[in-house]
Structures are given as structure tokens and as C-alpha cells.
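S.K.: the following block contains a protein sequence and its predicted model.
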Amino acid sequence: MQPTDNVPAKDSMRIADSPAEPGSSASFARKGWRILGGIMVYLVLAAVLIASERSMLFESMKELEAIHVREEQQLALNYVVSHAILTVNENYLSEDISAAGRLLTQEIDGMVSQLSRIESAYGGNLAGHIERLRKSNGELQRAPSRSEIAVLREELHQLVLTLDGLTMSIRGRKAEILEGYRTVFGRLTFELLTLVVIGVAIVGGIGGLFFRQLSRDIGAIKARAGEIVRGYRGAPLLVTRADELGALMSAVNDMEEQLKSRDSQLELSREQHFHTEKMAAVGSLAAAVAHEINNPLAAIVGLSESLVNDRPQNGILRRRADRQIDLILEQARRVMAITRQIGEFSLQRPLVPAFVDLNSLIRSTCTFISFDKRFRGVTLEQELAMDLPALYVVSDHIVQVLMNLLINAADALEAQMDRRPVICVASARSGLSVVVTVADNGPGIASPDLPRVFDPHFTTKPPGRGSGLGLSLCRSLVEQDGGTIAIDSEYGQGATARITLPVPAESLA
């Protein structure tokens, strides 16, 4: 089943959101204040930048003072380490290793204590040396020996190399700070001139952009209003503003949406009126044709019955003409039954609710629609429950909905070649409702299209094959009778339209 034609939209269409009130959004006055506020913010930022440069100068001075303090600390540390190295060298060849070990242990303990106090200022560069010195000092205290003293002396030499590297780093950092201090002074003048130029450019750019965008949006509104007058009903105008002009854009979109809704209602009303007139014309034509056909058919039937009655009663047909008399009578009666069914189906029905036999409507609709060329080769099955109550509906609505669903199903089966095309119309009681289903074994509806099948003007048929109003009209007609309609489909496995109609209280009593 394909979502398509011959269908009305709801009586009430969804209208676009009301345009925002000027006071509830950014009006032109507010935008002016915002621009002024932006300029003030820019000036404040410029002042903050200048103050930041001055702050950098003060920070450079503070860092220089801190470097001087660190240099003094390192000089003292270098002295302590140098003294420790001298002490280790003096006691390396001492005959009393135990006494030398105790002396060196005390010396190293004092040096490690001083290193630990200032270690954090060096970013952890001395942590490894402190750990190794403590370990070596512990070994020397436990078992003094010249080899341990040699290890201690080597560690002290490594510590000296590290301190030398730190000294060079401090000197390099000091040179960088002095160079940065001189650079900041030259940069201040350049930044002041740049800020002035940028400020003028920003003010001019904002003004030019504002008025250019204002002119463009006014032109867009003017062009869209003209298009709407000429019949445009496409995508809404993109609202790019939140001021009075944006509210005007929303108002134009709202107007277009209301006109689109009204156009859809008119088109759906025309579709329904056309269906009524078409059925009336078919009824008149069918009645006339049936009248003209029934007269000669009555004569044919009468003559055939006379021949049957005059035939020998011995039950033996000896001539071929005698055998064909029954065939003539059977086919003549069949033609009369068909003309009677078409005439009954095409009778003009009142467009007001009344108690109807739903199964009778389904049968007559299926019989009538089966003469359509689109149903050649399609198996039209009926599975109707026999215990259905009378429904209080507009019978013409049910007929029109069934015809639309059957035609859509036949269109979906038109190009099917891999299996026998089948359409099944079923009715069943379900609680306080009656459910009518129209199912086909066609290609089904793709998942992205399924939520849109009831949207007006949405169709998956080729151009010129459908207006996209059919299912929308079906939903409108079913809802007018108090029911609902839904479509289920698995792509490649066919589609099922399900109509649910309420059982009136009178039928429940």
C-alpha cells in the first residue's frame, strides 16, 4: 500500500508559533544598548590588557627578587657541599675508618637536612640525590669502609654537577626575565595603537554588518510576501533575527501556514465533493445502462426459460443446442445480477450518520472496485466476521475510505512479479469497536516514509500518479465518524491499513 491520493486533511491544521512580541525579544533599542555595552566591554578589556602588561612588569621584578634569593641559597648550599667534599677527601685515607665514618655521617646528615629544606624550590631535582645520600650515609653508619666512602664521594660529585646545572638554569632564567622586561615596554606602545585601530574597525564593522543584514532581511520579507501572494506554499522563511523584524518574519510564516492549511482544506473539500458527484454520475449512468440492458436480458431470460420448459423431460440432452440453453440462461442471469449490484452500489447515500451494515458496504465496494483495470490479476479476498453489530456512521465515508485504500493497494501491487498479488479485506469485532483491515502483499512502505503517510501532499507515487491527499482524506473521514486509522508496514512484506470504528450504545444494548 502506498501513501497517496484522494484524501482530505484535518479540519484544523497546525499553525506556526505566534510571532514573538517585540518586548519579549531583542528589539532594535535593546540591540543598540547591547552594541554600546559591547563597546564598553571592549574598552574594559583593553584596560585589562594594559593592566596585565603592567602586572607582567611587576611579576618580572618579583621573580628577579626570588631568583636573587635562590642564588644566595645556592651559594650557601654550594659551600656546604664543597665543605662536605673536602671532609670526605680528608677522611678517605684515614687509618681509623670507624671514626672517619662517624664524622662523615654527621657531616652528611647536616647537608641532607639543609638539602631537604630547599628541595621543593628546585622542583624535585634534588630528591634523587637526597635519597641516595641518605642510603649511602646509612650504609656508612652501619658498616664504615673505604668503599662506602668512595661511593659517598662519587654521589657528592654528581650532586655538584646537578647544582652547577641548576646554577646555569637560574642564570639563563634571569637573562630571560631581563629580556622580557625590556620587551614589555616596547610592546605597550604597539598594543595601545593596535587597540585604537581595532576599536574603530569593530564599531565600523558592526554598524555596516547591522545595516547590511537589516537591508537583506527586509528584502527577504518583501520577496517572500510577493511569492505568497503568487501562490508559494513551500518551506517557511528562515527566521534569523529575534527583534521586531524577526517577529515580522514569523508573522509572514504564520500567514503562509494558515493559507496552506486553508488551501489544503479547500482541496480536500473539492476531493470529497468530486467523489460524491462522481458516484452520483456513476449511479445515474449505471441505472440508465442497467435499464437498457435489463429489457433485452429479460427477453433473453424469458425465452431461455421457455426453451427449458419445452425441453423433453426424459433428462437426456440429445442435441448440442439443448445443452447450451442452460449456459445462456446462467450468463444472462449473471449479467442481470452485476447490473443490479452496480445500481445498488451507485445509489446516492445521505451524508449524515445512520445505522449501516458494515459487511454489506465492504462487499458492494469490493464488487464495484473489482471492475477497475488495476485489479486485473489481483486476488481480492474477503474475510468478514458474521457477528458484527450495526455501526452509526456516514456510509459514503466508509465507501470512500475503502475505495482509496483498495486503489492504493492495487497501485502498490502493479509492478509485483515475484508472487501472486493479493489484497485481503477483513472485518472483526474487538471489544467495543469494529476493526476493518485492508492488507496487501506488496513492497510495503519504507520506515522513513511510514510516519508521514497521513501528511497532506506526501506521496511515494511517481509524478502525475497521485496528489498525496488520499490517506489524509481517509483519516479525516474516519475521525469524523469517531474512529481511527493506522498503517503498519514492514518494507518488502506488504502493508496493512487498520480502521477502528466504535460500536454505538444502541448496538450494545
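M.R.: On my side now, so go ahead.
S.K.: can you pull the domain assignment for this structure?
M.R.: Dividing the chain into domains by automatic domain parsing, as the record does, gives the ranges 28-216, 280-508.
S.K.: reformat those as JSON lines; add mean pLDDT.
M.R.: Written out in JSON lines, the entries for the domains of the chain read as follows (pLDDT from 0 to 100):
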{"stretch": "domain 28-216", "mean pLDDT": "80"}
{"stretch": "domain 280-508", "mean pLDDT": "78"}
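S.K.: before we move on, which element is the residue of the chain most remote from its centre in?
M.R.: Relative to the centre of the chain, and counting by Cα atoms, centre = their mean, the farthest-placed residue is E95 at 90.1 Å. When elements are defined using DSSP states H and E, E95 is found to belong to no helix and no strand.
S.K.: for S113, grab the count of nearby residues.
M.R.: A count of neighbours around S113, defined by other Cβ atoms under 10 Å, yields 11. Yep, even glycine has a C-beta here, placed from its N, CA and C like the rest.
S.K.: surely S145 and A100 touch.
M.R.: No - at 10.0 Å, S145 and A100 do not qualify as touching, with contact defined as Cβ atoms under 8 Å.
S.K.: higher neighbour count, the two?
M.R.: The residue with more neighbours, out of S145 and A100 and counting by other Cβ under 10 Å, is A100; that gives 21 against 13.
S.K.: so the more buried one versus P144, what's the distance?
M.R.: Using Cβ to Cβ, to the nearest Å, one obtains 7 Å as the distance from A100 to P144.
S.K.: in this structure, which spans are helices?
M.R.: If you assign secondary structure with DSSP state H, the helices in the chain sit at 28-91, 97-118, 127-142, 146-229, 244-310, 320-345, 358-369, 395-412, 470-480, 505-508.
S.K.: for the longest one, packing partners?
M.R.: When you say that, I think you mean helix 146-229. On a contact count with 3 or more Cβ pairs under 8 Å, 6 or more residues apart in numbering; DSSP states H and E, helix 146-229 meets helix 28-91, helix 97-118, helix 127-142, helix 244-310.
S.K.: tell me how far stretch 82-100 is from the chain's mean position?
M.R.: Average the C-alpha atoms of stretch 82-100, do the same for its chain, and the two points are 82 Å apart (Cα atoms, centre = their mean, to the nearest Å).
S.K.: restrict it to CA atoms and write it as PDB.
M.R.: Taking Å, rounded to 0.1, in the frame of the first residue of the first chain, the C-alpha atoms of stretch 82-100 are listed here in PDB:
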ATOM      1  CA  SER A  82      82.100  21.800  49.000                       C
ATOM      2  CA  HIS A  83      82.900  21.500  52.700                       C
ATOM      3  CA  ALA A  84      81.400  18.000  52.700                       C
ATOM      4  CA  ILE A  85      83.500  17.000  49.700                       C
ATOM      5  CA  LEU A  86      86.700  18.300  51.500                       C
ATOM      6  CA  THR A  87      85.800  16.400  54.600                       C
ATOM      7  CA  VAL A  88      85.200  13.200  52.600                       C
ATOM      8  CA  ASN A  89      88.500  13.600  50.800                       C
ATOM      9  CA  GLU A  90      90.400  14.200  54.100                       C
ATOM     10  CA  ASN A  91      88.900  11.100  55.800                       C
ATOM     11  CA  TYR A  92      89.100   8.800  52.800                       C
ATOM     12  CA  LEU A  93      92.700   7.600  53.800                       C
ATOM     13  CA  SER A  94      92.200   7.900  57.500                       C
ATOM     14  CA  GLU A  95      93.500   4.900  59.500                       C
ATOM     15  CA  ASP A  96      90.600   4.900  61.800                       C
ATOM     16  CA  ILE A  97      87.700   4.200  59.400                       C
ATOM     17  CA  SER A  98      85.200   4.000  62.200                       C
ATOM     18  CA  ALA A  99      86.000   7.500  63.500                       C
ATOM     19  CA  ALA A 100      86.000   8.800  59.900                       C
END
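S.K.: what's that stretch in contact with?
M.R.: Taking Cβ atoms under 8 Å, 6 or more residues apart in numbering as the criterion, the residues outside stretch 82-100 that touch it are 103-104, 107-108, 111, 144-146, 149-150, 152-153, 156-157, 160.
S.K.: and if you look at stretch 133-145?
M.R.: Residues from elsewhere that reach stretch 133-145 (Cβ under 8 Å, 6+ apart): 97-98, 100-102, 104-105, 108-109, 111-112, 115, 148-149, 151-152, 155-156, 159.
S.K.: list buried residues within those residues.
M.R.: When neighbours are counted using 16 or more other Cβ atoms under 10 Å, these contain these buried positions: 97, 100-101, 104-105, 108, 111-112, 115, 148-149, 151-152, 155-156, 159.
S.K.: roughly how far apart are the residue lying closest to Q493 once chain neighbours are set aside and Y491?
M.R.: Spatial nearest neighbour of Q493, chain neighbours left out: G444 (5.4 Å); criterion: Cβ to Cβ, 6 or more residues apart in numbering. Distance of G444 to Y491, computed by Cβ to Cβ: 5 Å.
S.K.: those two: who's more crowded?
M.R.: More neighbours sit around G444 than around the other of G444 and Y491, counting by other Cβ under 10 Å; the figures are 21 against 14.
S.K.: so who does the more buried one touch?
M.R.: Residues in contact with G444 (Cβ under 8 Å, 6+ apart) are 1, 489-495.
S.K.: 10 Å - rerun?
M.R.: Applying Cβ atoms under 10 Å, 6 or more residues apart in numbering to G444 gives the contacts 1-2, 412, 450, 488-496.
S.K.: that one and K62, how far apart?
M.R.: Remark: distance between G444 and K62 (Cβ to Cβ) = 77 Å.
S.K.: before we move on, what about E139?
M.R.: Taking Cβ to Cβ, one finds E139 at 43 Å from K62.
S.K.: among the two, which residue is more densely surrounded?
M.R.: For E139 against K62, the residue with the higher neighbour count under other Cβ under 10 Å is E139, and the figures read 16 against 11.
S.K.: correct me if wrong: L45 contacts L195.
M.R.: Yes - counting by Cβ atoms under 10 Å, L195 is a contact partner of L45 at 8.8 Å.
S.K.: with neighbour numbers in mind, choose between these two.
M.R.: For the pair L45 and L195, the greater number of neighbours falls to L195 (17 against 12), based on other Cβ under 10 Å.
S.K.: ok, the most centrally placed residue in the chain - contacts?
M.R.: Most central in the chain under Cα atoms, centre = their mean is P448, positioned 11.4 Å from the mean C-alpha point. Contact criterion Cβ under 10 Å, 6+ apart gives Y491 as the residues in contact with P448.
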